[in-house]
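Engineer: Give me a 3D structure for the following:
(chains A, B and C)
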Amino acid sequence: MKQFLVGSLALASAMAALFFWHYWKQSQDRLFVLFAAAFAAMTINWIGVAMIDSSGEGQPYIYLVRLLAFLLIIAAIIDKNRRVADGRGDS
Amino acid sequence: MAETVYALCGITSLTCAALLFAGYRTERTPLLFWASLGFIGLALNNILLFVDLILLPTYDLFLWRTLAALAGMMLLLYGLIRETK
Amino acid sequence: MTSGRSELPAIPVEVGALLQDRIASFEQLLVLLLLHRSDPKRWSNKTIADHLGIPNGIPEALMDLKAAELIKQETEASESVYVYAPASADIANAVSVLQESYQSHPAAIMQLMSENAIARVRRAAHRAFSDAFLIRKGKDRG
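Structural biologist: Residues are numbered from 1 along each chain as shown, chains lettered A, B, ... in the order given. From the prediction side, this is the model:
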């Protein structure tokens, strides 16, 4: 059951990453490629959780990947705001 | 360390949800509505993970936090897919 | 959508650009073509509405066409009137070609406009998502 749920999460994250990637291709807005990378990292996160037994999330390998995912999102937000402050918004 | 990471992730997710929902109130784009719900689901996952790690031996909130994340991702995907029609 | 796309002729490049950049709705197209072929006649919202058979008039279309630098607004007897006023010779040329294209192949024009509308909504959604993450709003959004 656990693996089924976490596997679904991995697939959902991968799909989200693909959609954001597609959005980036269409709009050339850097925020989207960063979100795509973040959700790709979350995919790896969920795969890791599925592979490890109970309380997998306490393991450094797992939470560091998740940290990476959210640092990418924070980077996307900061980058977006700095780009707009500097002048033109999207590239 | 793990707790700090999940707390940070929870705060970031909530921030994203809040920004997206504020954007939805201005622009009324459906994508923003569904995405904000998606990030709330992810926030719940992170927050419950944080709680879980602190209360570790007593409770295991695995089912709740995983379902929260899954529900969030479904809503986010729904919003993303809608836009490609 | 029907599958008759292979039958539709290609649309001239300048017309495609004009439709993409400056004409967002079918009402705008009809108003523009009306003002173009009746140039330099001046029309008010009401006379356009009566002529085209649109009951409530098309004030938004007129505003958008004015913003797109295709028509001009003037005041006549304390009423707003509009006249065809392309911003450049290139635009004027494109509108003429559009008039011909629309008369000979209206379906192709409408299909392109429909596709543009879908793409426009999608782009707007992407932009709305991305702009939601701007902490300080009110910047020039382009």
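
Engineer: Every contact and neighbour count from this point should use C-alpha atoms.
Structural biologist: Noted.

Engineer: quick one: contacts for A:M51?
Structural biologist: A:Q3 (Cα atoms under 8 Å, 6 or more residues apart in numbering or on different chains).

Engineer: what's the answer for A:A76, then?
Structural biologist: Counted by Cα under 8 Å, 6+ apart, A:A76 has contacts A:R30, A:L31, A:L34, A:F35.

Engineer: before we move on, which element is residue 66 in?
Structural biologist: Using chain A. Per DSSP states H and E, A:R66 falls inside helix A:60-86.

Engineer: Not quite, go with chain C.
Structural biologist: Take DSSP H and E as the rule and C:K66 turns out to sit in helix C:59-67.

Engineer: Let's test this: mean pLDDT of the helix holding A:R66, rounded?
Structural biologist: Averaging pLDDT along helix A:60-86 gives 90.

Engineer: thinking again about what came up before, ok, and what's touching the helix holding C:K66?
Structural biologist: Outside helix C:59-67, the residues touching it (Cα under 8 Å, 6+ apart) are C:R22, C:I23, C:S25, C:E27, C:Q28, C:V31, C:L32, C:N45, C:I71, C:K72, C:Q73, C:Y82.

Engineer: buried stuff in it?
Structural biologist: Residues C:A61, C:L62, C:D64, C:L65, C:K66 are the ones in helix C:59-67 that count as buried (16 or more other Cα atoms under 10 Å in any protein chain shown).

Engineer: Let's have these in JSON lines, adding pLDDT and distance to B:Y6.
Structural biologist: Formatted as JSON lines, the buried residues of helix C:59-67 follow (pLDDT from 0 to 100; distance: Cα to Cα, whole Å):
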{"residue": "C:A61", "pLDDT": "88", "distance to B:Y6": "51"}
{"residue": "C:L62", "pLDDT": "89", "distance to B:Y6": "53"}
{"residue": "C:D64", "pLDDT": "91", "distance to B:Y6": "48"}
{"residue": "C:L65", "pLDDT": "90", "distance to B:Y6": "52"}
{"residue": "C:K66", "pLDDT": "90", "distance to B:Y6": "52"}
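
Engineer: circling back: orientation of the helix or strand just after the helix holding C:K66 relative to helix C:59-67 in degrees?
Structural biologist: The helix or strand immediately downstream of helix C:59-67 is strand C:71-76, counting by DSSP H and E. Angle of strand C:71-76 versus helix C:59-67, following axes from the mean of the first three to the mean of the last three Cα atoms, to 10 degrees, is 110 degrees.

Engineer: Adjacent strands (with direction) for whatever helix or strand comes next after strand C:71-76?
Structural biologist: Downstream of strand C:71-76, the first helix or strand assigned by DSSP H and E is strand C:79-84. Here strand C:79-84 has these sheet partners by DSSP bridges: strand C:43-44 (antiparallel), strand C:71-76 (antiparallel).

Engineer: The most centrally placed residue in chain B: which element?
Structural biologist: The centroid of chain B falls nearest to B:L42 when counting by Cα atoms, centre = their mean (2.2 Å). Assigning secondary structure by DSSP H and E places B:L42 in helix B:30-54.

Engineer: who does that helix touch, helix- and strand-wise?
Structural biologist: Helix B:30-54 is packed against helix B:2-27, helix B:62-82, helix C:106-132, with contacts defined by 3 or more Cα pairs under 8 Å, 6 or more residues apart in numbering or on different chains; DSSP states H and E.

Engineer: want to try a markdown table for those helices, with mean neighbour count, distance to A:D86 and mean pLDDT as columns?
Structural biologist: As requested, the helices and strands packed on helix B:30-54 are arranged in a markdown table below (neighbours: other Cα atoms under 10 Å in any protein chain shown; distance: least, Cα to Cα, whole Å; pLDDT from 0 to 100):
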| stretch | mean neighbour count | distance to A:D86 | mean pLDDT |
| --- | --- | --- | --- |
| helix B:2-27 | 20 | 21 | 93 |
| helix B:62-82 | 20 | 29 | 94 |
| helix C:106-132 | 18 | 15 | 91 |
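
Engineer: and those helices as a markdown table, adding distance to A:L68?
Structural biologist: Shown next, in a markdown table, are the helices and strands packed on helix B:30-54 (distance: least, Cα to Cα, whole Å):
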| stretch | distance to A:L68 |
| --- | --- |
| helix B:2-27 | 10 |
| helix B:62-82 | 18 |
| helix C:106-132 | 20 |
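
Engineer: Throw those helices into a markdown table and include distance to chain A, thanks.
Structural biologist: A markdown table is the format used below for these (distance: least, Cα to the nearest Cα, whole Å):
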| stretch | distance to chain A |
| --- | --- |
| helix B:2-27 | 6 |
| helix B:62-82 | 6 |
| helix C:106-132 | 7 |
